[in-house]
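Engineer: After the sequence you'll find the predicted model.
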Amino acid sequence: MDDSLIGLIALGSLILLNALFKLAYGALSNVSKTRLKEMADEDHRGARRALALSNDATRLLASQQIVDLLLLFAIAVVAATSIAPALRDGLIDLDLGATAADIIGYGTALLLVAFITLIFGEMLPAQIAWGHALDIALWATGPINLLSRLLAPVLRVTQWLSGQFASPFVGRSSTSLVTEEEIKMMVDAGSEGGAIEDGEKEMIYSIFQFGDTLAREVMVPRIDIVALAANTPLDEALTTIVEAGHSRIPVFEESIDHVEGLLYAKDLLVLLREGDVDRPIKDILRPAYFVPESKKAGDLLTELQQRKIHLAVVVDEYGGTAGLVTVEDLIEEIVGEIRDEYDFHEEEVYQQIGEHEYICDAGIDLDDLNRLLDVNLPTDESDTLGGYIFSQLGKVPIEGEELDAGPLHMEVLSVDDRRIRKIRVVHTPPADETEDVQEQPAATPD
């Protein structure tokens, strides 16, 4: 058989072998470990072995690099000893000089083989492995596991040597971590591919944001607190609880800044059932749990769970009552608004009345408004839209007062006892992409 034909067969076999290994390693690197674990829990033998291999990323990568190096070296040797001489001889027959024939022949052979190897031995198998990772990983587990065992002595030596050389640069305590931004990128990719629904994506993003949320951003503000004075009669306290629809209400002495404890509806009902209607409510109060405004929402939720309580009183830097926060308020930061049969009286925080026009409650959270309109109102000084307007105007607004902030035009629709109630927001998005809202918007004169 002609040497050139033997060389072509050997070259094709090596490229095919390289493609098979690329398929195997690519699949094991990209396969879903969650799916493998599910199958392993169902006593799937191949899944257990595939999971063990994919979890040992260092060994898998090292064996892949060794196999790649050996195969690429073998491909280069075959190309140089079989294909290149044939091209060189053909060029010499065309009356090219020996030196020129050597340069062109060897250069052409190596470039051609490199191109074929790149397409059919690297890129194509990698794409196939990405699309069929699970099936290929289960098939490839046996051969790759056997190869890893055969290469074990070489792997141990090369890993030790590379670790010695790398330690001055990366440190021995260095670990590979997945960052928050990388997880968000994976979530975005899963959402675009249909694997993650929009609601799930929003929830994942909310979990990341939850760790940076403060108690003052979540709490029911002081002005909206339903509370009772310590000398309130039992029947009046019951009426307040029924009308408010709350099972726990703070009780104060003199003013809301001096909360004495919490009145539980269940405790009140027990007294009424026993006919002890003359007993003061302060005798059945439960201790209130106080937290600062700067308390992180994640830490607060953990503390409420550990203490087995559902409500905390938020205090400001002067010790006065700033608001209340419940477990429900905290959970809503992750899953969205939770409404029950007692929330029928609560209005929506915004209503869309036109293509780009909204009627917003002044208490709408700035983060929610930014997400809704794809803008960037600054949240460093205010948590709500009403607070933002107050901070920008520097005074108590009157009805009809207007404010421009980037693509937003806002008009104060109603003010009640120095408190903004309703705001009309008109959003005019730019032609290309939404602009960031300016830090210092201009207010129109009265």
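Structural biologist: Cool, the structure landed.
Engineer: and A24, how many neighbours?
Structural biologist: Applying the criterion other CB atoms under 10 Å, we find 24 residues in the vicinity of A24. Quick note: C-beta positions are derived from backbone N, CA and C, even for glycine.
Engineer: pLDDT wise, what is it at?
Structural biologist: Confidence at A24, expressed as pLDDT, is 82.
Engineer: Now do the contacts for it.
Structural biologist: Shown in contact with A24 (CB atoms under 8 Å, 6 or more residues apart in numbering): 129, 136-137, 139-140, 143-144.
Engineer: Going by neighbour count, which of the residues you listed comes out on top?
Structural biologist: Highest neighbour count within the contacts of A24, by other CB under 10 Å: A137, with 30 neighbours.
Engineer: what's the distance between that one and Y25?
Structural biologist: 10 Å (CB to CB, to the nearest Å).
Engineer: Next: D257.
Structural biologist: As judged by CB to CB, D257 and Y25 stand 66 Å apart.
Engineer: Mind checking which of the two has more residues around it?
Structural biologist: A side-by-side neighbour count of D257 and Y25, using other CB under 10 Å, places Y25 first with 25 against 15.
Engineer: Contact partners for that one?
Structural biologist: Shown in contact with Y25 (CB under 8 Å, 6+ apart): 60, 64, 67, 129, 140, 144.
Engineer: With adjacent residues omitted, what lies nearest to the fifth one?
Structural biologist: When the adjacent residues along the chain are set aside, A140 lies closest to A24, with 3.4 Å between them (CB to CB, 6 or more residues apart in numbering).
Engineer: Show me what secondary structure element comes after the strand or helix carrying that neighbour.
Structural biologist: For A24, the host element (DSSP states H and E) is helix 3-30. For helix 3-30, the following helix or strand on the C-terminal side (DSSP H and E) is helix 33-41.
Engineer: could you check the angle helix 3-30 makes with the helix or strand just after that following helix?
Structural biologist: On the C-terminal side of helix 33-41, the closest following helix or strand by DSSP H and E is helix 45-55. Regarding helix 45-55 and helix 3-30, their directions subtend 90 degrees when assessed with axes from the mean of the first three to the mean of the last three CA atoms, to 10 degrees.
Engineer: Enumerate the positions of helix 45-55 that are buried.
Structural biologist: Judged by neighbour count using 16 or more other CB atoms under 10 Å, the buried positions of helix 45-55 are 46-51, 53-54.
Engineer: outside of it, which residues touch it?
Structural biologist: 28-29, 31, 33, 36-37, 39-40, 59-60, 137-138, 140-142, 144-145, 148.
Engineer: How far does it sit from its chain's centre?
Structural biologist: Helix 45-55 has its average C-alpha position 28 Å from the chain's average C-alpha position, going by CA atoms, centre = their mean, to the nearest Å.
Engineer: any idea of the mean pLDDT for the helix or strand that comes right after that helix?
Structural biologist: Next in sequence after helix 45-55, counting helices and strands by DSSP H and E, comes helix 57-78. Averaging pLDDT along helix 57-78 gives 82.
Engineer: next one: helix 57-78 to chain centre, how far?
Structural biologist: Between the centre of helix 57-78 and the centre of its host chain there is 36 Å, according to CA atoms, centre = their mean.
Engineer: Packing partners of it?
Structural biologist: The helices and strands touching helix 57-78, judged by 3 or more CB pairs under 8 Å, 6 or more residues apart in numbering; DSSP states H and E, are helix 3-30, helix 45-55, helix 98-116, helix 133-150, helix 152-170.
Engineer: what's the next secondary structure element after it?
Structural biologist: Sequence order places helix 84-93 as the next helix or strand after helix 57-78, per DSSP H and E.
Engineer: Tell me which other helices or strands that next one touches.
Structural biologist: Applying 3+ CB pairs under 8 Å, 6+ apart, one finds that helix 84-93 makes contact with helix 3-30, helix 98-116.
Engineer: Among the ones you listed, show me which one is buried the most.
Structural biologist: helix 3-30 (a mean of 18; mean count of other CB atoms under 10 Å).
Engineer: Okay, domains of this structure per the record?
Structural biologist: Residue ranges for the structural domains of the chain, counted by automatic domain parsing, are given in the record as 3-170, 180-210, 215-335, 350-427.
Engineer: ok, back up a step: for the buried residues of helix 45-55, give me a markdown table that also has distance to L8 and pLDDT.
Structural biologist: Written out in a markdown table, the entries for those read as follows (distance: CB to CB, whole Å; pLDDT from 0 to 100):
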| residue | distance to L8 | pLDDT |
| --- | --- | --- |
| G46 | 35 | 77 |
| A47 | 39 | 83 |
| R48 | 41 | 82 |
| R49 | 36 | 81 |
| A50 | 35 | 81 |
| L51 | 40 | 82 |
| L53 | 34 | 78 |
| S54 | 36 | 76 |
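Engineer: how far out from the middle of the chain is the helix or strand hosting L238?
Structural biologist: With elements taken from DSSP H and E, the one containing L238 is helix 234-244. Taking CA atoms, centre = their mean, the mean C-alpha location of helix 234-244 is offset from the chain mean by 43 Å.
Engineer: again, but for stretch 189-199
Structural biologist: When C-alpha coordinates are averaged (CA atoms, centre = their mean), stretch 189-199 and its chain have centres 12 Å apart.
Engineer: residues making contact with that stretch?
Structural biologist: 187, 201, 204.
Engineer: Doesn't G323 lie inside a strand?
Structural biologist: Yes. In this structure, G323 lies within a strand as judged by DSSP: H, G, I helix; E, B strand; the rest coil.
Engineer: Show me the beta-bridge partners of it.
Structural biologist: P221, V314 (DSSP bridges).
Engineer: what about it, distance to I241?
Structural biologist: As it turns out, when the distance is counted by CB to CB, G323 lies 19 Å from I241.
Engineer: so V78 makes contact with S13?
Structural biologist: No. Between V78 and S13 there is no contact, the gap being 9.2 Å when judged by CB atoms under 8 Å.
Engineer: Now name the helix or strand holding V291.
Structural biologist: The secondary structure element spanning V291 is strand 290-292 (assigned by DSSP H and E).
Engineer: just checking, what packs against that strand?
Structural biologist: Strand 290-292 sits against strand 311-315, with contacts defined as 3+ CB pairs under 8 Å, 6+ apart.
Engineer: Need the contact partners of the strand it packs on.
Structural biologist: Counting by CB under 8 Å, 6+ apart, 215-216, 219, 248, 250, 259, 262, 288-293, 295, 300, 304, 321-327 sit against strand 311-315.
Engineer: What of stretch 407-427?
Structural biologist: 223, 350, 354, 356-362, 369, 373, 375, 377, 385-386, 389-390, 396-404, 428-430, 434-435, 437.
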